[in-house]
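Student: build me a structure from this.
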Amino acid sequence: MAQVNVHVTMSLDGFMAGPDVSVEQPMGVGGERLHRWLFDGADEADAAAARQQFALTTAVLLGRRTFDVGIGQWGGTPYPVPCFVLTHRPEPDRAEKEGTFTFVTTGLADALALARAAAGDGAVTVMGADVTQQLLRAGLLDEIHLQIAPVLLGAGRRLFEHLGTDHIELEQLGAHQSAQVTHARFRVVK
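Tutor: Got it, this is the predicted structure:
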């Protein structure tokens, strides 16, 4: 069965996007700073981490808000694989040059089952704070691949909010750093 992973970059103070996320500013005010490591190309460790992230991803599960603010930036699917959008607003499937968006209105379990089936022996990459939080609360997330950027955004969207009162234990699988970010990988203990 496909593994379910989240790949996310956040500020040192825990924000994965700056404030005022919109179509015009998909990462919020100041949030584009978080992904400098992906586009700079100056550090081979960062480039290797990005290549590994793309190589592992064989399907994507994302929320509707992430889709709405990201589609204009991506110019198609965020990865060249099948993408499943968890939403309350149905829409016909949307074929793009490198993959298809399937809109799932029947809940998290159904969206995850479709993404896992499409991923085969690969991995489902989760995008969006809300979907990540739902998967964590349900005990359905396998790994967290976290890039910590050396910046304090001060406000914005946090990844680890709204998790309830249950304790979630993580096992550190590895870490390394570059000039742009610290890469850390954790397994969610079940």
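Student: in the lowest-mean-pLDDT helix or strand in the chain, what counts as buried?
Tutor: Lowest by mean pLDDT, DSSP states H and E among the helices and strands of the chain is helix 36-40, with a mean of 82. Residues 37, 38 are the ones in helix 36-40 that count as buried (16 or more other Cβ atoms under 10 Å). C-beta: built from backbone N, CA, C; applies to glycine.
Student: so for the helix or strand just after that helix, mean pLDDT?
Tutor: Toward the C-terminus, helix 36-40 is succeeded by helix 44-56 as the next helix or strand (DSSP states H and E). For helix 44-56, mean pLDDT rounds to 85.
Student: same thing with stretch 176-186?
Tutor: Here the average pLDDT along stretch 176-186 is 92.
Student: end to end on it, go ahead and measure it.
Tutor: 13 Å (Cα to Cα, to the nearest Å).
Student: residues in contact with that stretch?
Tutor: With Cβ atoms under 8 Å, 6 or more residues apart in numbering as the test, stretch 176-186 has contacts from 9, 36-37, 40, 42-43, 45-46, 49, 143-150, 170-175.
Student: 7 Å instead, please
Tutor: 9, 36-37, 40, 43, 45-46, 49, 143-149, 170-175 (Cβ atoms under 7 Å, 6 or more residues apart in numbering).
Student: what stretches of this structure score poorly on pLDDT?
Tutor: 41, 165 (pLDDT under 70).
Student: all strands of it, in order?
Tutor: 3-11, 15-17, 57-63, 83-86, 94-95, 100-104, 123-127, 143-149, 157-158, 170-177, 182-188 (DSSP state E).
Student: quick check: closest non-adjacent residue to the residue positioned nearest the centre of the chain.
Tutor: Central residue check for the chain by Cα atoms, centre = their mean: the C-alpha nearest the mean position is that of residue 127, 2.9 Å away. Leaving aside its sequence neighbours, residue 127 sits nearest to residue 62 (Cβ to Cβ, 6 or more residues apart in numbering; 3.9 Å).
Student: is the one you found bridged to anything, and to what?
Tutor: Counting by DSSP bridges, residue 62 forms beta bridges with residue 85, residue 127.
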